[in-house]
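Trainee: task: produce atomic coordinates for the following.
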Amino acid sequence: MSNDLTLNIEQIKKEKSGIDVLGDIYIYSIFQERITPSDLERFKWYGLYAQDEKQEFFELRIPLNMGELNLEQLKTITQITKDYTNGTLNLSSEQKIELKNLKLHNIPNIFNMLQAVKLNTFFEAGHTVRRVLTCPVNGIDETQLFDVSDLANRINKTFIGNKDYYNLPNKLQMAISGYEEGCDVQFIPDVSFNATKDSKDKIIFSLKLLDKTVGYVTSPQVLNTAKSIANIYKDYGYRENSQKSSFEYLVNNWGFDKFYDILNASINYKIEKDISKKDISTPRKPRMGINSSKIQGESYIGCRFNSNDISYSTLEFLYELLLKYKASKIKITHKANIIILDAPSINAEDFAKELEKIGFNPFS
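Mentor: Below is the predicted model of the structure:
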């Protein structure tokens, strides 16, 4: 049965790209016809899932670039939650927002609201390269070796919505970190780039396939290495059997040495296997509670939430507190917690106490 399913999905992709079905979503929403199984599969490329067999309710998953929301985006997400869901949203450990109990006829308006604040659901699922995972306090933690924001944005810009990478054998998840130990992701990414230093104090990145370091690249080489890995998977990954279509299966079946050799043959530089590394002894700072930022005059506040489900009214309170304390950005962590990224240090303690009153817990 799994073989037939995989062949059907491959046929579905051949008939029409998942990223070409936005018009179909709009047509279904207008005429309220029953969505075919093939189109339901394609709609996942846009983060849209049927919650029940009758297609009465739908779920929309919104992946966030680097897990981040600014004030305008938070306000829009809150409004969508209030107007179109059962009143709550869910935070996922994959740095996504999940909206449930949506009606299909409201999806076009929701998409328009998201687009207006530069959010989208492209490549949320499907056989695509997903948004690269980064560490929650990237760019503001003074113990971080390297700010990977620019690299992460370039990786996302290269892959997300790019038709060259929509038709992989299965999904491909990458991560990039400014710490030697990587990000505290709740699963092992397919490909990871973790900053470290060589013996001359130069920043380099260890390249991990699954959880094994296969070599080291420089910062300018990260993007091209990522593209080469995605192309190898696209060209050589297994498509005939769903149990063998993962990136993990390809690497384990080939072996790390063979993959390394093919990767090196596809690029115009050498991924160094053996280097003299500097010993990194600075421990990573905590994420929860009030922490000083490397940006002068600012702190970041990590908050645990009792549940991954947050009501729109709680989000409204959060938005008002951000305005009151002149903070402008939040981030969802890989454990579905929330971090206020730019709280003014002068009143961070008062800010944290008010966050605690609305269900965010910076002190536990």
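
Trainee: contacts, neighbours, all on C-alpha from now
Mentor: OK.

Trainee: residue 228 is in contact with residue 267, correct?
Mentor: Yes: using CA atoms under 8 Å, residue 267 makes contact with residue 228 at a distance of 7.2 Å.

Trainee: who has more neighbours, those two?
Mentor: Higher neighbour count among residue 267 and residue 228: residue 228, with 18 against 14, using other CA atoms under 10 Å.

Trainee: what pLDDT is listed against that one?
Mentor: You'll see residue 228 listed with a pLDDT of 97.

Trainee: how about stretch 143-163: buried residues?
Mentor: Across stretch 143-163, burial judged by 16 or more other CA atoms under 10 Å covers 144-149, 151-152, 155-156, 158-162.

Trainee: for stretch 185-194, same thing?
Mentor: Residues 185, 189-194 are the ones in stretch 185-194 that count as buried (16+ other CA under 10 Å).

Trainee: ok, of those, which one's closest to residue 261?
Mentor: The closest of these to residue 261 turns out to be residue 191 (CA to CA; 16.1 Å).

Trainee: assumed residue 90 was part of a strand.
Mentor: Yes: counting by DSSP: H, G, I helix; E, B strand; the rest coil, residue 90 falls inside a strand.

Trainee: please look at it and residue 78 and confirm they touch.
Mentor: No: Residue 90 lies out of contact with residue 78 (CA under 8 Å); the separation is 11.8 Å.

Trainee: more neighbours, these two?
Mentor: Neighbour count, other CA under 10 Å: between residue 90 and residue 78, residue 78 has more, with 22 against 17.

Trainee: which residues touch that one?
Mentor: Shown in contact with residue 78 (CA atoms under 8 Å, 6 or more residues apart in numbering): 312, 315-316.

Trainee: where's it, which helix or strand?
Mentor: Taking DSSP states H and E as the criterion, residue 78 maps to helix 71-84.

Trainee: using CSV, write down the CA coordinates of that helix.
Mentor: C-alpha atoms of helix 71-84 as CSV (Å, rounded to 0.1, in the frame of the first residue of the first chain):
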residue,chain,number,x,y,z
LEU,A,71,4.2,43.9,16.2
GLU,A,72,2.3,44.3,13.0
GLN,A,73,2.4,40.6,12.3
LEU,A,74,1.3,39.8,15.9
LYS,A,75,-1.6,42.1,15.6
THR,A,76,-2.7,40.5,12.3
ILE,A,77,-2.4,37.0,13.7
THR,A,78,-4.4,38.0,16.7
GLN,A,79,-7.2,39.5,14.5
ILE,A,80,-7.3,36.3,12.4
THR,A,81,-7.6,34.2,15.5
LYS,A,82,-10.4,36.4,16.8
ASP,A,83,-12.4,36.6,13.6
TYR,A,84,-12.0,33.2,12.0
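
Trainee: tell me which of the contacts of residue 78 is nearest to residue 133?
Mentor: residue 315 (24.0 Å).

Trainee: which stretches of the protein form helices?
Mentor: Along the chain, the segments classed as helices by DSSP state H run 2-15, 22-31, 37-43, 71-84, 107-116, 149-159, 222-236, 247-254, 256-265, 312-324, 348-357.

Trainee: output those in TSV; the columns should cover distance to residue 340.
Mentor: Shown next, in TSV, are those (distance: least, CA to CA, whole Å):
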stretch	distance to residue 340
helix 2-15	40
helix 22-31	34
helix 37-43	33
helix 71-84	11
helix 107-116	21
helix 149-159	17
helix 222-236	29
helix 247-254	35
helix 256-265	39
helix 312-324	8
helix 348-357	10
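
Trainee: to residue 300, which of those lies closest?
Mentor: Closest to residue 300 of the helices of the chain, according to CA to CA: helix 348-357, at 8.3 Å.

Trainee: residues contacting that closest one, please?
Mentor: With CA under 8 Å, 6+ apart as the test, helix 348-357 has contacts from 290, 299, 301, 318, 321, 325, 343, 361-363.

Trainee: from these, which land in strands?
Mentor: Under the assignment DSSP state E, these contribute 290, 299, 301, 343, 361 to strands.

Trainee: hmm, residue 302 and the first one touching each other?
Mentor: Yes: taking contact to mean CA under 8 Å, the distance of 6.6 Å between residue 290 and residue 302 places them in contact.

Trainee: which residues do those two both contact?
Mentor: Joint contacts of residue 290 and residue 302 (CA under 8 Å, 6+ apart) are residue 362.

Trainee: more neighbours, these two?
Mentor: The neighbour count for residue 290 versus residue 302, taken as other CA under 10 Å, is higher for residue 302 (28 against 22).
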